[in-house]
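Asks: Give the three-dimensional model of this entry:
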Amino acid sequence: MPWTEKQIKQHKKAAKLLDYIKNDALDFIKKYSTTTEYQVQKFILHQFKKYSLINEVYDPIVAFQKNTSYVHYFPKRQGTRLQPNSLILIDIWARLKETNAPYADITWMAHRGKKPRKKILDIFSIIIRARDTGVKEIEKYLKNKKIPTGKMIDTAVRNYITKKGYGANFPHGTGHILGIRSPHGTGGNIHCTNQEELNDNVGYTIEPGIYLADGFGIRSEINIIVTNELNLIITTPPQKRLTAV
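Replies: So this is what the prediction gives:
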């Protein structure tokens, strides 16, 4: 069901606040260089309350170094402590504390220490370009007054990653519909099994990822809306460079 104009505004506000919180979390990590994943997670939850956001499904994902190679990694109470030259993944989702306000959902990558090794930078570049390939695929169809299916978008993104040699390391769909009671809404996702067109005036994520079992993982996640006028709105800032902390 399409979001109302009010719900679109609520989503955009939540997306903006998540970006603030992501920056707050990175500043926290920069200040406390020996922090743990669990401590960063709790800090993020504190910021949700500060900005009047709620999160009803799971706590945020905060992963350091090898734990970034797990698609859904949730730190335990002890957590992994940040080490020099560590890759950092933060995945946060929340909505305004208002009736029927929809979720926003972002993932951001950072690095602590000296310049990241070449393989990390190479995989990061592939993921950013794969994410942008998904955006361009949507724009291509909208330009011709058509709405692509979830499968069309997923195929374009998956083909790009596969051509780079990492198709087997992309184990999930390209994106999902955003919900009201959960970041994962009901309806067709941006996945190879969904042959239905995207719904207009509803938020979706685009979030390709590559996960290497012997080392690390990279994911980039943005939120988008296809309007009923067939325009594409990107509601979260797309990451372009690995953030140094």
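Asks: any chance you could map the helices in the chain?
Replies: Residue ranges of the helices in the chain, as given by DSSP state H, are 5-31, 37-50, 118-143, 150-163.
Asks: So Ile88 sits against Phe28, correct?
Replies: No. With contact taken as C-beta atoms under 8 Å, Ile88 and Phe28 are classed as non-touching, separated by 11.3 Å. Where C-beta positions appear, they are placed from N, C-alpha and C, glycine not excepted.
Asks: the more surrounded of those two?
Replies: Neighbour totals were compared for Ile88 and Phe28, and Ile88 leads with 24 against 17 (other C-beta atoms under 10 Å).
Asks: which one of the helices of the chain lies closest to Val71?
Replies: Between Val71 and these, the tightest spacing by C-beta to C-beta is seen for helix 118-143, at 13.3 Å.
Asks: any weak-confidence spans in the protein?
Replies: Applying pLDDT under 70 to the predicted model, the chain contains no residue that meets it.
Asks: Return the residues in contact with Asn169.
Replies: For Asn169, the set of contacting residues under the criterion of C-beta atoms under 8 Å, 6 or more residues apart in numbering consists of Ile161, Ile210, Tyr211, Leu212.
Asks: separation between the residue positioned nearest the centre of the chain and Ser69?
Replies: What sits nearest the mean C-alpha location of the chain, by C-alpha atoms, centre = their mean, is Glu221, with 2.5 Å. For Glu221, the distance to Ser69 (C-beta to C-beta, to the nearest Å) stands at 17 Å.
Asks: Kindly report the same for Ile90.
Replies: 15 Å.
Asks: buried ones in stretch 196-211?
Replies: The neighbour-count check on stretch 196-211 (16 or more other C-beta atoms under 10 Å) flags 198-199, 201-211 as buried.
Asks: For stretch 185-197, measure first residue to last.
Replies: For stretch 185-197, the first-to-last residue distance is 15 Å (C-alpha to C-alpha, to the nearest Å).
Asks: What number of residues are in the vicinity of Thr80?
Replies: Neighbour number of Thr80 under other C-beta under 10 Å is 18.
Asks: That one: what's it in contact with?
Replies: Thr36, Glu37, Phe64, Gln65, Asn67.
Asks: Output those residues in TSV; the columns should cover distance to His176 and neighbour count.
Replies: Supplementary listing: those in TSV, determined by distance: C-beta to C-beta, whole Å; neighbours: other C-beta atoms under 10 Å:
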residue	distance to His176	neighbour count
Thr36	29	19
Glu37	24	26
Phe64	25	25
Gln65	26	19
Asn67	22	21
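Asks: could I get these as a markdown table with distance to Asn169?
Replies: As requested, the contacts of Thr80 are arranged in a markdown table below (distance: C-beta to C-beta, whole Å):
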| residue | distance to Asn169 |
| --- | --- |
| Thr36 | 27 |
| Glu37 | 22 |
| Phe64 | 19 |
| Gln65 | 17 |
| Asn67 | 16 |
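Asks: Which two among those residues are spaced furthest apart?
Replies: Comparing all pairs in the contacts of Thr80 by C-beta to C-beta, the longest separation belongs to Thr36 and Gln65, at 12.2 Å.
Asks: Dump the lengthiest strand in the chain to CSV, restricted to CA.
Replies: The strand of greatest length in the chain, counted in residues with DSSP state E as the criterion, is given as strand 86-96. Written as CSV, here are the backbone C-alpha positions of strand 86-96 (Å, rounded to 0.1, in the frame of the first residue of the first chain):
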residue,chain,number,x,y,z
SER,A,86,40.1,-2.5,11.8
LEU,A,87,37.2,-2.4,9.3
ILE,A,88,33.9,-1.2,10.8
LEU,A,89,30.3,-1.9,9.6
ILE,A,90,27.3,-0.1,11.1
ASP,A,91,23.8,-1.1,10.1
ILE,A,92,21.0,0.9,11.8
TRP,A,93,17.3,1.1,11.3
ALA,A,94,14.6,3.1,13.1
ARG,A,95,11.4,5.1,12.7
LEU,A,96,9.9,8.2,14.3
